[in-house]
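Enquirer: Okay, predicted coordinates and the sequence, questions at the end:
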2 protein chains.
Amino acid sequence: MKYSTLYKSTLLTNIIPFWEKNSIDNEYGGYFTCLDKTGKVYDTDKFMWLQGRQAWAFSMLYNTVDKNENWLKLARHGIDFIIEKGMDKEGNFYFSTTREGKPLVQPYNIFSDCFAAMAFSQYAIASGDQKIKKLAKQTYLNILKKKDNPKGIYEKSTGERPLKSFSLPMILSNLVLELEAVLDKEEVDKTIDFSIHEVMEVFLDKKSGLIYEFVKEDGSHEDTYNGRLLNPGHGIEAMWFMIDIGVRRNDIKLIEKAADTIITILEYSWDKKYGGILYFMDSEGKPPQQLEWDQKLWWVHLEALVALAKAYEHTEREELMLWYEKVHKYAWSHFSDSKNGEWFGYLNRQGEVLLDLKGGKWKGCFHVPRAMYQCWQSFENIERKTL
Amino acid sequence: MKYSTLYKSTLLTNIIPFWEKNSIDNEYGGYFTCLDKTGKVYDTDKFMWLQGRQAWAFSMLYNTVDKNENWLKLARHGIDFIIEKGMDKEGNFYFSTTREGKPLVQPYNIFSDCFAAMAFSQYAIASGDQKIKKLAKQTYLNILKKKDNPKGIYEKSTGERPLKSFSLPMILSNLVLELEAVLDKEEVDKTIDFSIHEVMEVFLDKKSGLIYEFVKEDGSHEDTYNGRLLNPGHGIEAMWFMIDIGVRRNDIKLIEKAADTIITILEYSWDKKYGGILYFMDSEGKPPQQLEWDQKLWWVHLEALVALAKAYEHTEREELMLWYEKVHKYAWSHFSDSKNGEWFGYLNRQGEVLLDLKGGKWKGCFHVPRAMYQCWQSFENIERKTL
């Protein structure tokens, strides 16, 4: 089977049906995301990150794959819940609510806002709904307003040793393209320039070629737990955002640099003993804080597949295809659940399933369908050229 | 070798020398706790939990084992740092500071206060210092004041679904005995009554015999991630606090119930596949939130050794000794580092060392020396009786 066919058919006949069938809360609105290996709901709390991500996924599929009215309806189902139950009076988004939508955890996490903004923007494109389009812009502006103190009153650091977090420029580089339809051209260009600079010049370390999770205000490194932290999946994911920007700007140097970085990160973080990409590492080889550092996570491997497919698509460098094959073999044989559908999320270092959930507090309808779609598209392009 | 000799000699010739040699910051005061497998400092941040715990350990050894002036001096070394650098103007304790003592993370965690209070109380006994004695009481009263909202302004829950946490009555049951010398008899008795009730009647589930980490205000269970959470090590540790109270009150029924609970928890949480006690479990067998759920932690196993030794000491039930032998065999062969001394803290499910640190953000000079001392004492009593 051609890779493009594998990704397309897995997306359309396995992944999407899994979420259509199991995740819709017809009684209270929104989506269930805590689904066991068979798709059965095991917890009914609603996490705003995942509500936004799923509404985004169905809107994106409607916009790019097929004008399927059920997808639009299911996207609206999440959008309504987010607006009615997930948003506070100031336009911030709760971290979680009860099944019925009563707020459980305060809006301390700016990524809830980011995924809401992405969902609103894709849904506005899908539906033409002007109110939602306005809300997308409003949410984006609120994110910018909060970006220098994203946790607000819930910030526990004293500010004594301020570090910049990679998450923010990384997500902005994706968010700005997602929100292009609702933003001024000037804002888009400015934010793209900012995020290329931050990602490729500040967080990408010139010496090692690796991406650090936290750097000092002046871009230098700090010899502390956070200052030494590497999150290989994050770095690799950001590289395909950079490739998307490179394609848009016709900037082959940016694409080549992103491709180099993908390989450097993979060489550093590939587990030589058991295969797979490690979750967290310490740049000095010191013991990381994260007890789960040696686990193999679904999203890390899916982001690597997307990044490698895109990098190969645009550079045709053979070593990228060799890496692609290596990650493909590991990911498809370990995460994909041939019995009950969808992908497992969490493996131990040895590659055995550690938690057999299909969705939970952090895993929802997002990385799997997005990666399936992105790889499908890239391989269609790759295969077209090799005909 | 007799068990009492094993614990005594390990404490005095291995564990304590390791911390005496490697953890003292002679330049800025306080203790380094981030020590690699050989004892080398790999990070210099200071975590107030661990500063308090180490000052407590050296004071306790001075009070119970030997009037060793160096131990008293090393205890004072930590006490001074905690008072000068770890405490804010309201008498709350920062979570962490830089090596020099500049506050890094705000006082959001009441356990920093608990361990400071324990350290002050033991040190006051050791030194006769009346100022420190006063500070111990003051800190204790501040803990009581904060106990219904321990995170204060850093609390992210909306209060929509309030749950009581087991940690608090559990630590109070130990804290009140530790602070007996500085508190009124009435306060001590009241707090002991409160914690026996909470631990043995509210958090100990009558049906399963297990201890839940969180229950509703009315003591019933909630079918949510937190409501289903079991932390076997916590439950077992609390049982030896209950046995200490039982001995003090000459309450054999309390001791017997604690012994039953230790066995019930061990039967439930012992890893039938690889041995050792699991870190977190879900009471309904649903996927837990904690990715590290299957790991084997040093403190869990040490607390189990203490609990089983004490329970056997006071009940002489054979099944407790059988369980003791089982946990002993696992713990001493997996955690104890015969090459570089001290114990490893974190193993993967298979029992291999996951992080080879001897100290870090959460592991310091506390569980190992405390358990060595407690087991030494219990086995001296057990062995005396069997002569």
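Expert: Looks like it arrived, so ask away.
Enquirer: For residue A:216, which residues count as its bridge partners?
Expert: Legend: beta-bridge partners of residue A:216 under DSSP bridges are residue A:163.
Enquirer: send the alpha carbons of stretch A:144-164 over as CSV?
Expert: Extracted as CSV, the C-alpha positions of stretch A:144-164 are listed here (Å, rounded to 0.1, in the frame of the first residue of the first chain):
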residue,chain,number,x,y,z
LEU,A,144,-1.0,38.3,22.8
LYS,A,145,-1.9,40.4,25.8
LYS,A,146,-1.2,37.6,28.2
LYS,A,147,1.8,36.2,26.5
ASP,A,148,4.4,37.7,28.8
ASN,A,149,2.7,36.4,32.0
PRO,A,150,0.7,33.5,30.7
LYS,A,151,-0.2,32.0,34.1
GLY,A,152,-1.3,35.4,35.5
ILE,A,153,-2.2,35.3,39.2
TYR,A,154,-1.4,31.5,39.3
GLU,A,155,2.3,32.0,38.5
LYS,A,156,4.3,30.5,41.4
SER,A,157,7.7,31.7,40.2
THR,A,158,9.0,34.7,42.0
GLY,A,159,10.6,36.2,38.9
GLU,A,160,14.0,35.9,40.4
ARG,A,161,15.4,33.8,37.6
PRO,A,162,13.1,34.5,34.6
LEU,A,163,13.3,32.0,31.7
LYS,A,164,11.6,32.2,28.3
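Enquirer: Now do it, average pLDDT.
Expert: The predicted model assigns stretch A:144-164 a mean pLDDT of 89.
Enquirer: I would like the residues contacting that stretch, please.
Expert: Applying CB atoms under 8 Å, 6 or more residues apart in numbering or on different chains, the external contacts of stretch A:144-164 come out as A:92, A:106-110, A:113, A:168, A:172, A:198, A:202, A:214-217, A:222, A:224, A:226-227, B:94-95, B:98, B:102-106, B:108, B:153-154, B:156. No exception for glycine: its C-beta is placed from N, CA and C like everyone else's.
Enquirer: what distance separates it from the centre of its chain?
Expert: Its chain's average C-alpha position is 22 Å from that of stretch A:144-164, according to CA atoms, centre = their mean, to the nearest Å.
Enquirer: Same question for stretch A:182-193.
Expert: 21 Å.
Enquirer: Same question for stretch A:57-71.
Expert: So, by CA atoms, centre = their mean, the centroid of stretch A:57-71 is 19 Å from its chain's centroid.
Enquirer: Which residues belonging to it are considered buried?
Expert: Counting neighbours by 16 or more other CB atoms under 10 Å in any protein chain shown, one finds that the buried residues in stretch A:57-71 are A:57, A:58, A:59, A:60, A:61, A:62, A:63, A:65, A:71.
Enquirer: Span of that stretch from start to end?
Expert: According to CA to CA, to the nearest Å, stretch A:57-71 extends 9 Å from its N-terminal end residue to its C-terminal end residue.
Enquirer: ditto for stretch A:334-342
Expert: The stretch stretch A:334-342 measures 12 Å between its terminal residues, going by CA to CA.
Enquirer: Now it: buried residues?
Expert: Neighbour counts over stretch A:334-342 (16+ other CB under 10 Å) mark A:334, A:335, A:337, A:341, A:342 as buried.
Enquirer: ok, so of those, who is nearest residue A:287?
Expert: The closest of the buried residues of stretch A:334-342 to residue A:287 turns out to be residue A:334 (CB to CB; 25.7 Å).
Enquirer: who's in contact with the closest one?
Expert: Residue A:334 touches A:276, A:296, A:344, A:347, A:351, counting by CB under 8 Å, 6+ apart.
Enquirer: For residue B:292, see how far away the last one is.
Expert: When CB to CB, to the nearest Å is applied, the distance between residue A:351 and residue B:292 equals 17 Å.
Enquirer: Likewise for the third one?
Expert: When CB to CB is the yardstick, residue A:344 and residue B:292 sit 17 Å from each other.
Enquirer: Neighbour count for these two, which is higher?
Expert: Higher neighbour count among residue A:344 and residue B:292: residue A:344, with 22 against 19, using other CB atoms under 10 Å in any protein chain shown.
Enquirer: who's the spatially closest residue to residue A:32 that is not a sequence neighbour bridged to?
Expert: Across the structure, with CB to CB, 6 or more residues apart in numbering or on different chains as the measure, the residue nearest residue A:32 apart from its sequence neighbours is residue A:41 (4.6 Å). Per DSSP bridges, the residues bridged to residue A:41 are residue A:35.
Enquirer: how far away is residue A:41 from chain B?
Expert: Here residue A:41 is placed at a distance of 10 Å from chain B (CB to the nearest CB, to the nearest Å).
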